[in-house]
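Student: My questions concern the predicted model and sequence given below.
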Number of protein chains: 2
Amino acid sequence: MNLDYESALTEFRSLLGSGYVKTDKELRLTYQTTTFATTNSIPAVICPLDRDQVQECLRIANRYHIPIYPISTGKNIGYGARVPTADNCVVMELSRLDKIVEYNNELGYVTLQPGVTQRVLYQFLQQQGGKFWMDATGAPMDHSIIGNIAERGFGHTPYGDHFGHVSGMEVVLPNGDCIHTGQGRFAGAKATPIYRWGLGPFIDGLFTQSNLGIITQLTIWLMPAPSYFQNFYFSIAKYEDLAVTIDTLRPLFLDGTIKSAMHIANDHKVLSSFQRYPWDKTNGQTPLPVKVLHDLGKTWDFGAWSAAGALYGTREEIALAKRKIKKQLRKAPIKKLQFLDDTMLKIAIKLQKPLGWVLRLNMPEMLKVLKPVYNLTKGIPTDDIVPSLYWRKPDGAPKIPDPERDKCGLMWVAPIAPINGQYAREIWEITQDVFQYYGYEPAISITLLTERAMDSIISISYDRDIPGEDEKAMRCHDELLKKLTDKGYFPYRLGVQSMGKLPYPESAYTNCMAKIKNALDENGILSPGRYPQ
Amino acid sequence: MNLDYESALTEFRSLLGSGYVKTDKELRLTYQTTTFATTNSIPAVICPLDRDQVQECLRIANRYHIPIYPISTGKNIGYGARVPTADNCVVMELSRLDKIVEYNNELGYVTLQPGVTQRVLYQFLQQQGGKFWMDATGAPMDHSIIGNIAERGFGHTPYGDHFGHVSGMEVVLPNGDCIHTGQGRFAGAKATPIYRWGLGPFIDGLFTQSNLGIITQLTIWLMPAPSYFQNFYFSIAKYEDLAVTIDTLRPLFLDGTIKSAMHIANDHKVLSSFQRYPWDKTNGQTPLPVKVLHDLGKTWDFGAWSAAGALYGTREEIALAKRKIKKQLRKAPIKKLQFLDDTMLKIAIKLQKPLGWVLRLNMPEMLKVLKPVYNLTKGIPTDDIVPSLYWRKPDGAPKIPDPERDKCGLMWVAPIAPINGQYAREIWEITQDVFQYYGYEPAISITLLTERAMDSIISISYDRDIPGEDEKAMRCHDELLKKLTDKGYFPYRLGVQSMGKLPYPESAYTNCMAKIKNALDENGILSPGRYPQ
């Protein structure tokens, strides 16, 4: 084996220009740093300009047997960001492939490259008149659209299942070959951007949560901007009423009354969006005492669980859906069901002082939290969620937050299950138990994601500056993952921290995927260690 | 290479019992016969009982290098039915794997095997109280549900994109290994039947339109029966008004007002559902003279194009959708927009005599056509469409039709395109030109299939008993396929008649698929010649 980093770097430099082959120690350190402990180091970061350079980089990597770890813009926070799944991978950052290649304003789609971020796409669509909405995630505005799709992330609108709304990938295979999926492999095929299954085997899925290729372009479908829009909220006073509420919501998802993803966050999760850890009220102790949590719940006016969803359509359609939701939710022990539209939000912002006085609430701060959440359901990305990553930091978030630099600790565990109250309760109980043992706040939000699936996003938030916390948080993560999978709750997505930690799957499956991997990546140069095959 | 059919058959017999290894000439002949000319012959038909036997059969096939061609129930009419894509394949019929393995009446899904037909599933769901609807296709009632999914067929309801509504496959690989996709590879994973993407690369698509594995089980999602339902119809008087009508319909699909697939059939297509070729009015001549077609259009009351769709929901939701559709369609040159529900249909059936008198129409015959189409949009399968396959047969259809035995000629060509009037017009013009040259009736129906995709189903109907027709029809097929693909209209699905006839795709793609095929099917025993890799 001819593993020769120096020669490879020389070739990368001659291909990309030396400014795009970064080896200085400080920069490498930032790429090696994420919101939890990792050990893999990076010899270099390479930044190709276009697809041809991506192909050529892979050919070089094959010649020298150098492992390559592609990232889009590297904002996969809580799942490992820019840190590779194996040691000594050259990171290939795709942020320079930043073109919006096509926009179709009749059929509502946009073809783009991995460097296109939430911010860029949102601004682009606004410039085009706002006829179509994108779906946004709570991730930073500079998060790559394709990066999120490749991880099969989801958002908040009816187009929230991101991988479910794409077509016609351009993929560079590990050997440097470039293929076009769907009907795109036939020159001039008109259906490529709008009919994802193509013809013959449908292979797009092979390149998501995978190390089988690098997506350099794809088409995403856009939602026509509805003529009217409403957000709705309610809260659940008692922890134990979660299950029956979820079972009551289920038919509204199945019959399409609610088409958006709907988030149900617990008190810890909600609190972390309002403020940082209340060190002043706890004498510096962790985890958060129940009494303090409940007091803050009164201050900020949240219950055990807080739910939010959205309705899209004409005024008449939304009025109908609203009536159905109200009627159905009468069966559940919920309170304060409220609907909010743009006009009402504007009024609330205008009247925040008198409103706060009447309601005895801190309206300006509440609106600061409400607005980004409201906007997310309209496909408007935001950076306002980033400060919540500073939850356990004694000094809170700086003006320009950088959670990785500032040693914020964060890991996600994201088990998926059928929409079923009993399952939600079990996931919640496992989470509580494990977090209590390790002394973290069990922040969780449960997302009713599709007609039948709900996903729980559990976050382990800690302070990496405190010695021993990295190790303890990882033990907490590992135990949580084990206890959840023991009960059949497997994640919908893994971070670098979770790779290789799942129970062993059936061996025939593993063999099958190993054969495909070997067939497409003879030298095993692409993202070794990424995802269980 | 140890290609030894006799030894293989001996092993098959000892495994399955000799009654399930069929080699008699007459039976083989029926399997070799479809609705167009084929040359591939079949040494045997084997019928395993269960998944274990499927696995063992493939192991035997590998030992003796015998090609195996799996079919579900073999009702893929117009695309080749039971005829393999290569000579000397042993046909493996899966109709004995006929279990409904699980039914979930809360989340609306059913897990089943490839022997489960439209008839069986429909009856099963009725027995369960009709809380959920399946999606049906116009194919025969004994058509396999999984067979259709594996071909990526579609139906008429909001669940019409069949492959888009499945999860958790069980697949036997060419080497006899059995794998479970999605989260199914992890023992006890609860999300398997409801979350299709699973974890890691999504590979289900590999086993559709493919020769990479045999699906022995999967979960399909079911639509909750709506509280109310309406069908709607309209017609377009002039051929040239198709394009503007499709463009007018587009926003109704994009914004979700119409969630069903919508079919727009031309006069030839509609006529063939009412009656067989009018030999009496044409002095035995073909193709159908325009004058006769137009006279019959008056008799049966159809225009150049006839459109049908359906609405699902509450009465209020449907009333809203109806208003939107009416308003939007005022912009299009359509006529006779009519909405029909169960009550109105019942009244029409009751009053058919006086109605026929008032409208000067043959109401009993019209209802005979209308009812199955109406029912299809409610997920009720039907055999009433089969007689239309006898279009060109001098004696029409017998009481118990068997189009293959009776030498009915039928081939489909099914190009897919973005929803766009200009594209529909171009597909229609190409079809007309080619059919005119070859002397067939250009029967076409255009289906608005998803928010952005429309599919055209073009049928070449002829009489296989007339010498030379098989060859001529195939030339017509080949030329149609070529002219369509030249313009970028590629099929969404191929029949045995079309395999290997497409323009060569990009070679990197072909290489990639060949590598995957070789990795999973070392000896190339599974369905050689099936689908362009």
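Tutor: In hand now; what should we look at? Just so you know, these numbers come straight off a predicted model, no measurement behind them.

Student: any idea how far chain B is from residue A:57?
Tutor: For residue A:57, the distance to chain B (CB to the nearest CB, to the nearest Å) stands at 17 Å. C-beta: built from backbone N, CA, C; applies to glycine.

Student: That residue touches residue A:44, doesn't it?
Tutor: No - using CB atoms under 8 Å, residue A:57 is not in contact with residue A:44, being 11.1 Å away.

Student: Taking the centroid of chain A, which residue is nearest it?
Tutor: residue A:153 (4.8 Å; CA atoms, centre = their mean).

Student: does that residue really touch residue A:492, like I thought?
Tutor: No - if you go by CB under 8 Å, residue A:153 and residue A:492 don't touch, sitting 9.2 Å apart.

Student: Let me see the ranges of the helices in the stretch 101-250 of chain A.
Tutor: Using DSSP state H, counting those that start in this stretch, the helices of the stretch 101-250 of chain A run over A:118-127, A:145-150, A:242-254.

Student: among those, which is nearest chain B?
Tutor: Counting by CB to the nearest CB, chain B lies closest to helix A:242-254 out of the helices of the stretch 101-250 of chain A; the figure is 5.1 Å.

Student: Contacts made by the next helix or strand after the closest one with the rest, please.
Tutor: Beyond helix A:242-254 on the C-terminal side, the first helix or strand identified by DSSP states H and E is strand A:262-266. Applying CB atoms under 8 Å, 6 or more residues apart in numbering or on different chains, the contact partners of strand A:262-266 are A:156, A:236, A:239, A:242, A:245-246, A:249, A:253, A:304-309, A:428, A:442-448.

Student: following the helix or strand of chain A with the lowest mean pLDDT, which helix or strand comes up?
Tutor: Sorting the helices and strands of chain A by mean pLDDT, DSSP states H and E puts helix A:352-359 at the bottom, at a mean of 80. Under the assignment DSSP H and E, the closest C-terminal helix or strand after helix A:352-359 is helix A:363-376.

Student: Taking strand A:262-266 as reference, get the angle to that next one.
Tutor: For helix A:363-376 against strand A:262-266, the angle by axes from the mean of the first three to the mean of the last three CA atoms, to 10 degrees is 140 degrees.

Student: Grab the CA positions of helix A:363-376 and hand them over as PDB.
Tutor: Extracted C-alpha coordinates of helix A:363-376, given in PDB (Å, rounded to 0.1, in the frame of the first residue of the first chain):
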ATOM      1  CA  MET A 363     -43.000  39.700  26.700                       C
ATOM      2  CA  PRO A 364     -39.900  41.000  25.000                       C
ATOM      3  CA  GLU A 365     -37.900  38.000  26.000                       C
ATOM      4  CA  MET A 366     -40.800  35.600  25.100                       C
ATOM      5  CA  LEU A 367     -41.200  37.200  21.700                       C
ATOM      6  CA  LYS A 368     -37.400  36.800  21.200                       C
ATOM      7  CA  VAL A 369     -37.900  33.100  21.500                       C
ATOM      8  CA  LEU A 370     -41.300  32.900  19.800                       C
ATOM      9  CA  LYS A 371     -40.400  34.700  16.700                       C
ATOM     10  CA  PRO A 372     -37.600  32.400  15.400                       C
ATOM     11  CA  VAL A 373     -39.800  29.300  16.100                       C
ATOM     12  CA  TYR A 374     -42.700  30.900  14.300                       C
ATOM     13  CA  ASN A 375     -40.400  31.800  11.400                       C
ATOM     14  CA  LEU A 376     -39.000  28.300  11.200                       C
END
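
Student: after that helix, next one along is what?
Tutor: Scanning onward from helix A:363-376 (DSSP H and E), the first element met is strand A:408-413.

Student: Contacts only, for the residue nearest to the centre of chain A.
Tutor: Contacts of residue A:153 (CB under 8 Å, 6+ apart): A:137, A:139, A:162, A:493.

Student: Now for those residues, which sits with the most neighbours around it?
Tutor: residue A:139 (25 neighbours; other CB atoms under 10 Å in any protein chain shown).

Student: Would you confirm that that residue contacts residue A:151?
Tutor: No - at 10.0 Å, residue A:139 does not count as touching residue A:151 under the criterion of CB under 8 Å.

Student: overlap in contacts of these two?
Tutor: residue A:76.

Student: residue of the stretch 1-150 of chain A with the smallest distance to chain B?
Tutor: At 4.8 Å from chain B, residue A:107 is the closest residue in the stretch 1-150 of chain A, using CB to the nearest CB.

Student: Just to check, that residue is in contact with residue A:194?
Tutor: Yes - between residue A:107 and residue A:194 there is a contact at 5.9 Å, judged by CB under 8 Å.

Student: Neighbour count for the two, which is higher?
Tutor: Neighbours were counted for residue A:107 and for residue A:194 using other CB under 10 Å; residue A:194 has more, 26 against 20.

Student: Now the more buried one. Nearest residue, chain neighbours left out?
Tutor: Nearest residue to residue A:194 in three dimensions, chain neighbours excluded: residue B:452, at 3.9 Å (CB to CB, 6 or more residues apart in numbering or on different chains).

Student: Report the contact partners of that neighbour.
Tutor: Counting by CB under 8 Å, 6+ apart, residue B:452 has contacts A:107-109, A:194-195, A:221, B:253-254, B:418-419.

Student: Longest strand in chain A, by number of residues?
Tutor: The single longest strand within chain A, with elements called by DSSP state E, is strand A:453-463.

Student: Which positions in the stretch 1-150 of chain A make contact with chain B?
Tutor: Selection of the stretch 1-150 of chain A residues close to chain B by CB under 8 Å from any CB of the partner chain yields A:106-109.

Student: out of these, what pair is the most spread apart?
Tutor: A:106 and A:109 (9.5 Å; CB to CB).

Student: give me the low-pLDDT residue ranges for the stretch 1-150 of chain A?
Tutor: A:1-2 (pLDDT under 70).

Student: need the strands for it, in chain order.
Tutor: Ranges of strands in the stretch 1-150 of chain A, per DSSP state E, counting those that start in this stretch, are A:21-22, A:45-46, A:68-71, A:90-93, A:100-104, A:109-112, A:132-133.

Student: Mind listing the strands the first one pairs with, and their directions?
Tutor: Strand pairing for strand A:21-22, determined by DSSP bridges: strand A:45-46 (antiparallel).

Student: so what's residue A:368 up against?
Tutor: Contacts for residue A:368 (CB under 8 Å, 6+ apart) come out as residue A:384.

Student: Would you mind stating the distance between it and residue A:375?
Tutor: 12 Å (CB to CB, to the nearest Å).

Student: do residue A:382 as well
Tutor: Relative to residue A:375, and taking CB to CB, residue A:382 is found at 6 Å.

Student: who has more neighbours, the two?
Tutor: Neighbours per residue (other CB under 10 Å) separate residue A:382 from residue A:375, with residue A:382 holding more: 21 against 17.

Student: Isn't that one up against residue A:142?
Tutor: No - checked against CB under 8 Å, the pair residue A:382 and residue A:142 is beyond contact range at 11.6 Å.

Student: ok, back up a step: please determine how far the residue nearest to the centre of chain A is located from residue A:260.
Tutor: 16 Å.

Student: likewise residue A:21?
Tutor: Residue A:21 is 44 Å from residue A:260, by CB to CB.

Student: Likewise for residue A:357?
Tutor: Counting by CB to CB - residue A:357 and residue A:260 are separated by 33 Å.

Student: which stretches of the stretch 301-450 of chain A have low pLDDT?
Tutor: For the stretch 301-450 of chain A (pLDDT under 70), the answer is none.

Student: can you map out the helices along the stretch 401-533 of chain A?
Tutor: A:421-438, A:469-486, A:507-520.
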